[in-house]
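Visitor: Pasting a predicted model and its sequence here:
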Amino acid sequence: MNTQFKKNCLMEIYTECDESFLVGFYLSSFDEYSLFHLLDEQGKIDGIYLIKNKFIKNTNYETEYLEKINLYAEFWKINSDKNIFNIGLKQKNISNIGDILKYIKENKIISSFKINKKKYIITGYIKSINKTNIEVQEIDLETAKEFETTSYFLKDNILLIEIDSVNNRLLGYAHLKNH
């Protein structure tokens, strides 16, 4: 996949995951990754995702669905003055995946990780990071409670990180209330 994405242009992003797609705006690229600001099916801000470039199979910039989502996003821009995702303010200090992981850890953000050759997504708080490995305290999506064990994986095996999203914000809130 050619990783020359158009800036300030809403797009559909197709990955190896399944036949569904993500919708959002391209922010930047570094290392082997690209950063996207995603919208949900209502045109609302859904989160910031970091995706390994080779995991992206296709993009689309001109569809009727994107036209609709653009209109929905315009509605929310006019009718809502609060953006809960503040990574844009910090983006100047982010130049590699290590910076992203450090940001997630330091701000105690529940994030979700799609790891190469794993069938499930790992969701939780980063407990530790070193040069090659990450340790995540997983959170049970059903109960918002911590699992007894933690997950370890290599940085190089990260295909996608759901850095900040509505679902993970809600999970974090419920986890703190349950804790």
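Guide: Yep, that arrived. Numbering: from 1, shown residues only.

Visitor: Between the two ends of stretch 51-61, how far is it?
Guide: End-to-end span of stretch 51-61 (Cα to Cα, to the nearest Å): 18 Å.

Visitor: again with stretch 98-116
Guide: Terminal residues of stretch 98-116 lie 18 Å apart, using Cα to Cα.

Visitor: Just the buried residues of that stretch, please?
Guide: Ile100, Leu101, Tyr103, Ile104, Lys105, Ile109, Ile110, Ser111, Ser112, Phe113, Lys114, Ile115 (16 or more other Cβ atoms under 10 Å). Heads up, the C-betas are built off the backbone N, CA and C, glycines and all.

Visitor: Equivalent analysis for stretch 126-146, please.
Guide: Residues of stretch 126-146 classed as buried: Ile126, Ile129, Ile134, Glu135, Val136, Glu138, Ile139, Ala144, Glu146 (neighbour count, 16+ other Cβ under 10 Å).

Visitor: which strands and helices sit next to the longest helix along the chain?
Guide: Criterion DSSP state H: the longest helix present in the chain is helix 64-79. For helix 64-79, the elements it packs on are strand 11-15, strand 21-30, strand 33-39, judged by 3 or more Cβ pairs under 8 Å, 6 or more residues apart in numbering; DSSP states H and E.

Visitor: pretty sure Asn116 contacts Leu159?
Guide: Yes: assessed by Cβ atoms under 8 Å, Asn116 is found in contact with Leu159 at 5.6 Å.

Visitor: from the buried residues of stretch 98-116, which single one is nearest Glu64?
Guide: The closest of the buried residues of stretch 98-116 to Glu64 turns out to be Lys114 (Cβ to Cβ; 28.4 Å).

Visitor: quick one: that closest one from Ile161, how far?
Guide: 8 Å (Cβ to Cβ, to the nearest Å).

Visitor: Likewise for Ile104?
Guide: Using Cβ to Cβ, Ile104 is found at 8 Å from Ile161.
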